[in-house]
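A.B. asks: What follows is a protein structure lacking sequence information:
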């Protein structure tokens, strides 16, 4: 994308003024060319270019295919340097311009301190199309951890945004403990400053704020040993760095929608279940029967940047990884068509916004959902034009009606492909019909995470702030009688019995009946119980890991269609609705499928862990089945080019 400009001189006075104007415009044009042109192209990479893209494409080239892996790697990582997340031996940020030239943006590029980056991942482009934000790794002294970096499209201005001297790092002690001798413990302040990874960054509010995924909330989750990651918000100068979600597993791949909401992928692996007698919600135990099953699914959610509004964007029956909006009004994501917890073989699909075909935590263990008739997955390509099977991943929108994505033929590395966004079948798309073409492939590296460079129509004049509580925070009396004086916020559940999702894709059965995901009968819920799922601790000098506990925090009575009250804000929480006789509310919806099956649900919002901001007001739509919805999201919003 060379910065040439089209200067046109209208009719006006002749003579010296015209000459001076021409000279001035030429000077501006020359300056624009050298300021906006990308870094010098690498002629050695020209041989790997197979076609010219319609707009410049930013992508990563890495020695290992870690860019398509969703979950954090398994393992405690108690020895130095601890568990690294999604790291490759080598990674480069590149730009393929519309002239077919390839530019190395980061490899060998010195930072202000003289160091260089050895690995990169998850690039994103600013709404004006001029800057790139991405995750990068240096060697020592950062111990090879990912931090957030920024660079111009022209390859200038590389700088580090997180992990600097003023970055406080983890909010509590992480699980990294011992040096190479296996005995010497790292000092607490060093562990907090170094042992975390920041990945998947995006710009907010004209680039003055950013969102990213981080392991700064140190936790290994429940029942496994995977480092948790959450969505964080921060001013680009490093101030006001705060978590926006409370997952004890992995949140990944945020994206700013034109509706000013942030979409991201959520790993719903919550092990809490409704007990067999339906009178409590507890972590599942081997050999102990329960009314529901532990959740294990990936779905897409959205959150308002201030963190006060949260909802489900899509809940398909397949994993939804790296969800992105397209110019055709649909959403595209990568998925696995076999084991939902696996990362391969991978494919790409499109869905209508709001599609709901799953309720991971709230279905009875012995009652499957009815067969849907309108929850369609529009499949992308699975082969190239030569008929060769290809695994596709990391799709993104490309103007004006295209998808740019990564593809890997059998036993070969990923390359960058381009195709039309007209996938209109539940069978794999015909590569000829959608004009699938390979545009770049470095045979020595995995080329992934392509992002088209174009200005986006997102008019955000200020970051939306959530409502704040007025007055002092009261002392809370918890369910067990203890007094709580720590940080707290207010939670409100409203419209408990309103059917808000009747028109969403996935609501009708194969017999044409609906809605499947209907709300509970009016008056069914007497009160809410909010449970704490406390994070792991690593602050005991003799115990490597103190597992986080599960406990009942507070009870909230329901008045009509509304419930609300104060909740501690120092812990991830889960909400459940109970009847007057002390059971988790349960109901069956009337819609039947062709086999006569109907949906039954429990009022357990256990698909995710919730976060309450200290001093903030938070709203939810109650215990609607599937715990999904597009409140505040207009599904007519789609990707728009300025």
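C.D. replies: Happy to help now that I have it. Since the model is a prediction, treat every value here as computed from it, not as a measurement.
A.B. asks: so where's the stretch 51-200 of the chain shaky on pLDDT?
C.D. replies: Residues of the stretch 51-200 of the chain that meet the criterion pLDDT under 70 lie in 140-143.
A.B. asks: can you map out the strands along it?
C.D. replies: Secondary structure of the stretch 51-200 of the chain, counting by DSSP state E, counting those that start in this stretch: strands at 57-62, 91-96, 102-104, 119-125, 131-137, 146-152, 159-160, 198-204.
A.B. asks: Tell me the bridge partners for the residue nearest to residue 71 when sequence neighbours are not counted.
C.D. replies: Computed as CB to CB, 6 or more residues apart in numbering, the closest residue to residue 71 that is not its neighbour in sequence is residue 250, at 5.6 Å. Glycine gets a C-beta too; all of them are placed from N, C-alpha and C. As for beta bridges, residue 250 partners with residue 229 under DSSP bridges.
A.B. asks: Relative to residue 516, which of the strands of the stretch 51-200 of the chain is closest?
C.D. replies: Proximity to residue 516 (CB to CB) singles out strand 198-204 among the strands of the stretch 51-200 of the chain, at 32.3 Å.
A.B. asks: and stretch 268-276, which residues are buried?
C.D. replies: Neighbour-count burial for stretch 268-276 flags 268, 269, 270, 271, 272, 273, 274, 275 (criterion: 16 or more other CB atoms under 10 Å).
A.B. asks: confidence score at the last one?
C.D. replies: Meaning residue 275. The per-residue pLDDT reported for residue 275 equals 98.
A.B. asks: measure residue 243 to residue 611 for me?
C.D. replies: Separation of residue 243 from residue 611 (CB to CB, to the nearest Å): 7 Å.
A.B. asks: now the strands of the stretch 51-200 of the chain in CSV, with distance to residue 433 and mean neighbour count?
C.D. replies: Output for the strands of the stretch 51-200 of the chain, formatted as CSV (distance: least, CB to CB, whole Å; neighbours: other CB atoms under 10 Å):
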stretch, distance to residue 433, mean neighbour count
strand 57-62, 22, 27
strand 91-96, 25, 26
strand 102-104, 29, 22
strand 119-125, 29, 26
strand 131-137, 33, 25
strand 146-152, 37, 24
strand 159-160, 44, 16
strand 198-204, 32, 26
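A.B. asks: List just the one of the ones you listed that sits closest to residue 78.
C.D. replies: Comparing the strands of the stretch 51-200 of the chain by CB to CB, strand 146-152 comes nearest, at 19.9 Å.
A.B. asks: that older thread, the residue nearest to residue 71: how many residues sit nearby?
C.D. replies: By the other CB atoms under 10 Å criterion, the neighbourhood of residue 250 contains 23 residues.
A.B. asks: show me what contacts it?
C.D. replies: Residue 250 makes contact with 70, 71, 72, 226, 228, 229, 267 under the criterion CB atoms under 8 Å, 6 or more residues apart in numbering.
A.B. asks: Which of those residues are buried, as a PyMOL select command?
C.D. replies: Below is the selection syntax for PyMOL that covers the buried ones among those, with 16+ other CB under 10 Å defining burial:
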select buried, resi 70+71+72+226+228+229+267
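A.B. asks: Need the max-distance pair from the contacts of residue 250.
C.D. replies: Greatest spatial distance among the contacts of residue 250 (CB to CB): 70 and 228, at 13.5 Å.
A.B. asks: a helix runs through residue 47, doesn't it?
C.D. replies: Yes. Under DSSP: H, G, I helix; E, B strand; the rest coil, residue 47 falls within a helix.
A.B. asks: Local confidence estimate at it?
C.D. replies: The per-residue pLDDT reported for residue 47 equals 94.
A.B. asks: circling back to that earlier point, could the strands of the stretch 51-200 of the chain go into TSV alongside distance to residue 562?
C.D. replies: Conversion of the strands of the stretch 51-200 of the chain to TSV gives the following (distance: least, CB to CB, whole Å):
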stretch	distance to residue 562
strand 57-62	47
strand 91-96	49
strand 102-104	56
strand 119-125	39
strand 131-137	40
strand 146-152	40
strand 159-160	47
strand 198-204	31
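A.B. asks: Could you single out the nearest of the buried residues of stretch 268-276 to residue 80?
C.D. replies: Taking CB to CB as the measure, residue 80 lies nearest residue 269 of these, at 27.9 Å.
A.B. asks: List phi and psi for the residue nearest to the closest one when sequence neighbours are not counted.
C.D. replies: Leaving aside its chain neighbours, residue 269 sits nearest to residue 249 (4.6 Å; criterion: CB to CB, 6+ apart). Here is the backbone geometry of residue 249 (degrees, to the nearest 10): phi -120, psi -120.
A.B. asks: Report the central residue of the chain.
C.D. replies: Taking CA atoms, centre = their mean, the centroid of the chain lies closest to residue 264, which sits 2.6 Å from it.
A.B. asks: Quick check: it touching residue 251?
C.D. replies: Yes. With contact defined as CB atoms under 8 Å, residue 264 reaches residue 251; the gap is 5.6 Å.
A.B. asks: who touches both of these two?
C.D. replies: 213, 231, 245.
A.B. asks: SS state for residue 480?
C.D. replies: Under three-state DSSP, residue 480 comes out as coil.
A.B. asks: ok, it - how many residues close by?
C.D. replies: As a burial measure, the neighbour count of residue 480 was computed by other CB under 10 Å and equals 8.
A.B. asks: residues contacting it?
C.D. replies: Residues counted as contacts of residue 480 (CB under 8 Å, 6+ apart) are 551, 552.
A.B. asks: Report pLDDT for it.
C.D. replies: In the prediction, the pLDDT value recorded for residue 480 is 93.
A.B. asks: What of residue 622?
C.D. replies: 53.
A.B. asks: Check residue 503 too.
C.D. replies: For residue 503, the model assigns a pLDDT of 81.
A.B. asks: Ok, the one 3 residues further on next?
C.D. replies: Each residue has a pLDDT score; the one for residue 506 is 91.
A.B. asks: gap between residue 400 and residue 328?
C.D. replies: Distance of residue 400 to residue 328, given as CB to CB: 10 Å.
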